[in-house]
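1. structure for the following, please:
(one chain, ligands or ions: 1)
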Amino acid sequence: MPRKPASAKGSEADPLYLRIGPCRYELRTVANLAQQHGCTGRQDYNAQRIDIDATCSGMARLQTIWHEALHGIYDGAGVPGAKQNEQMIDAAATGILNVLVDNPWLVDEIASYAR
Ligand SMILES: [Zn+2]
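-> Residues are numbered from 1 along each chain as shown. Predicted structure coming up:
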């Protein structure tokens, strides 16, 4: 999967991609998601798509991406959406992001396994 610059945000016309196991999700930054759907992110396993609201930036954007990625991980493991606990997903998303931000050496080590 080709790498894009860290500044890339992905759009509907030029998405980023997020691999979760065998799945390759389109990661798109979309306008008015929060306004129209009341959420800053959404994940669709069948469409293999994650949308992030355009107003979401910085750590809030990263936390939202992790939140939606965790939904994708659970969906891929066969855990239906109704059994996915939003509070637990949010706690894990924030925790994983914080560990990675607080330990950049870990990000570098993980990057050495990038395919
Ligand atoms: Zn959620």
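2. show the average pLDDT along the longest helix along the chain.
-> The residue-count maximum for a helix in the chain (DSSP state H) belongs to helix 58-76. Averaged over helix 58-76, pLDDT sits at 97.
3. now stretch 42-54
-> Stretch 42-54 comes out at a mean pLDDT of 95.
4. can I get that stretch as CSV, trimmed to CA atoms?
-> Extracted as CSV, the C-alpha positions of stretch 42-54 are listed here (Å, rounded to 0.1, in the frame of the first residue of the first chain):
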residue,chain,number,x,y,z
ARG,A,42,-18.6,6.1,11.0
GLN,A,43,-17.4,2.7,9.8
ASP,A,44,-19.1,0.5,7.2
TYR,A,45,-17.7,-3.1,7.2
ASN,A,46,-19.6,-4.1,4.1
ALA,A,47,-18.6,-1.1,2.1
GLN,A,48,-15.0,-1.1,3.6
ARG,A,49,-15.2,2.5,4.3
ILE,A,50,-14.5,4.8,7.2
ASP,A,51,-15.7,8.4,7.1
ILE,A,52,-14.3,11.2,9.4
ASP,A,53,-16.0,14.6,9.8
ALA,A,54,-14.0,17.4,8.2
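5. flag every buried residue along it.
-> Of all the residues in stretch 42-54, those buried under the rule 16 or more other CB atoms under 10 Å are 42, 43, 45, 49, 50, 51, 52, 53, 54. C-beta coordinates here come from the backbone N, C-alpha and C atoms, glycine included.
6. which one of those residues is nearest residue 113?
-> residue 50 (21.9 Å; CB to CB).
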